[in-house]
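J.: whatever this is, show me its structure:
(one chain, ligands or ions: 2)
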Amino acid sequence: MQLIRQRVQALISERPVYKDILTYYLRIRECQEGFMGIDPTPIFAKQDQRDMTLKEAFPIFKDELDIPLRRAFKTFEAILNLSVDSNPPMKEKAERILELLKTSPEELGNMFRKVLQKDYIKKRAKELGLDFHFLDFVLENSLRPDIKAWIHGLGEMRFDAWKKAKCPLCSSLPLLSLIRGEGGQRYLVCSLCTSQWDIERIYCPSCETKDQSYIQYFFSEDLRHIRIYTCERCKAYIKTIDIRECGQVDLELEDLATLHLDIIAIQKGYHPLLPSPWLPLGDSRQPHPLIC
Ligand SMILES: [Zn+2]
Ligand SMILES: [Zn+2]
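T.: Ligands and ions are numbered 1, 2, ... in the order given. Sure thing, here's the model as predicted:
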């Protein structure tokens, strides 16, 4: 955690425009880290779930996230409380959701279990008068400590035969891709459980083309290790970090501190593979939905 704190400070000095976002993000990471210690026992996956994923290329969780929730409710409340201390629009969104936690914990348990079904979360958010993007963001971040413990219980897993766009464990879309190793192997990184699985170097995780003529990339001269891979076939883009150039970094933090590259991609007419809660919706001149 100390390394993340130092990196956040360095990034804020380098790119002051990210101060609010990174400060808020750091508080969430500290909160998640704090709840990791509650029950350090790994959550073990059932053997048949493991086997099916490895042998038959079938994700462990597709519709429902069936893991014991040991910390999720507490983490949820803590993230909302720290959001209440943030700016006024977020305070209001957070207070409404906190009300849900008090009046209907069963509803929240249901949402945790169905977090992979974004249409369901969106529908319930609308019915309950809650901000979907913020609710989904808090749900996913509250689940992280339990998911981490569950992954720890899975032990070493290699996904050599997977080669798909969605995560082999939780079927979520990737947050970004990375390139590492001597041969420059490319991997996708899950947006929810942070698992990594290898894919072809030339591959669009949106339309799944492997046709070289469609895939291009651009980068900023001062951040040469971060490339935006674009696809001319479906107009999606995905951020890609070349670990060979920058060494081991915290992927989520680096992604967040380079939102300006996402905005350039959107202005060039591409759309993110996975809509980010930190990114502006539609018109990129609007403040982004989480910090505004
Ligand atoms: Zn996953
Ligand atoms: Zn594509």
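
J.: contacting residues around the strand or helix carrying L82?
T.: Per DSSP states H and E: L82 is located in helix 72-84. With contacts defined as Cβ atoms under 8 Å, 6 or more residues apart in numbering, helix 72-84 is touched by 24, 27-28, 31-32, 34-35, 38, 90-91, 93-95, 97-98, 101, 105, 108-109, 112, 138-139, 141-146. (Glycine included, C-beta is placed from N, CA and C.)

J.: just the ones in helices from these, please.
T.: Residues of these located in helices (DSSP state H): 24, 27-28, 31-32, 34-35, 90-91, 93-95, 97-98, 101, 105, 108-109, 112, 138-139, 141-146.

J.: mind giving me the ChimeraX select for those residues, buried ones only?
T.: A single ChimeraX command selects the buried members of these (16 or more other Cβ atoms under 10 Å):
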select :24,27,28,31,32,35,90,93,94,97,98,108,112,138,139,141,142,143,144,145,146
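
J.: quick one: name the residues of the stretch 51-200 of the chain near ligand 1.
T.: Counting by Cβ under 5 Å from the ion, the residues of the stretch 51-200 of the chain close to ligand 1 are 167, 169-170, 172, 190, 192-193, 195.

J.: quick one: which of these sit in strands?
T.: C190 (DSSP state E).

J.: among the residues of the stretch 51-200 of the chain next to ligand 1, which ones are buried?
T.: 167, 169-170, 172, 190, 192-193, 195.

J.: between these, which is nearest D20?
T.: Comparing those against D20 with Cβ to Cβ places L192 closest, at 24.4 Å.

J.: the closest one reaches S171, doesn't it?
T.: No - L192 lies out of contact with S171 (Cβ atoms under 8 Å); the separation is 9.1 Å.

J.: overlap in contacts, those two.
T.: Going by Cβ under 8 Å, 6+ apart, residues that sit against L192 and also against S171 are L116.

J.: can you list contacts of stretch 30-39?
T.: 1, 70-71, 74-75, 78-79, 82, 141, 144-145, 148-149.

J.: list the contacts for the closest residue to C246 other than its chain neighbours?
T.: Of all residues not flanking C246 in the chain, H225 sits nearest, at 4.0 Å (Cβ to Cβ, 6 or more residues apart in numbering). Shown in contact with H225 (Cβ under 8 Å, 6+ apart): 241-243, 245-246.

J.: per-residue confidence for the nearest residue to L128 once chain neighbours are set aside?
T.: Setting aside the residues directly before and after it, L128 is nearest to L100 in space (Cβ to Cβ, 6+ apart), at 6.5 Å. In this prediction, L100 carries a pLDDT score of 86.

J.: ok, L100 - contacts?
T.: Contacts of L100 (Cβ under 8 Å, 6+ apart): 107-108, 128, 130.

J.: about what we covered before: mind checking which of the contacts of stretch 30-39 are buried?
T.: The neighbour count (16+ other Cβ under 10 Å) marks 70-71, 74-75, 78-79, 82, 141, 144-145, 148-149 as buried among the contacts of stretch 30-39.

J.: with distance to E14 and pLDDT added, can I get these in a markdown table?
T.: Below are those laid out as a markdown table (distance: Cβ to Cβ, whole Å; pLDDT from 0 to 100):
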| residue | distance to E14 | pLDDT |
| --- | --- | --- |
| R70 | 37 | 90 |
| R71 | 33 | 93 |
| K74 | 34 | 95 |
| T75 | 30 | 96 |
| A78 | 29 | 96 |
| I79 | 26 | 96 |
| L82 | 24 | 94 |
| N141 | 25 | 97 |
| R144 | 26 | 95 |
| P145 | 29 | 93 |
| K148 | 29 | 89 |
| A149 | 34 | 87 |
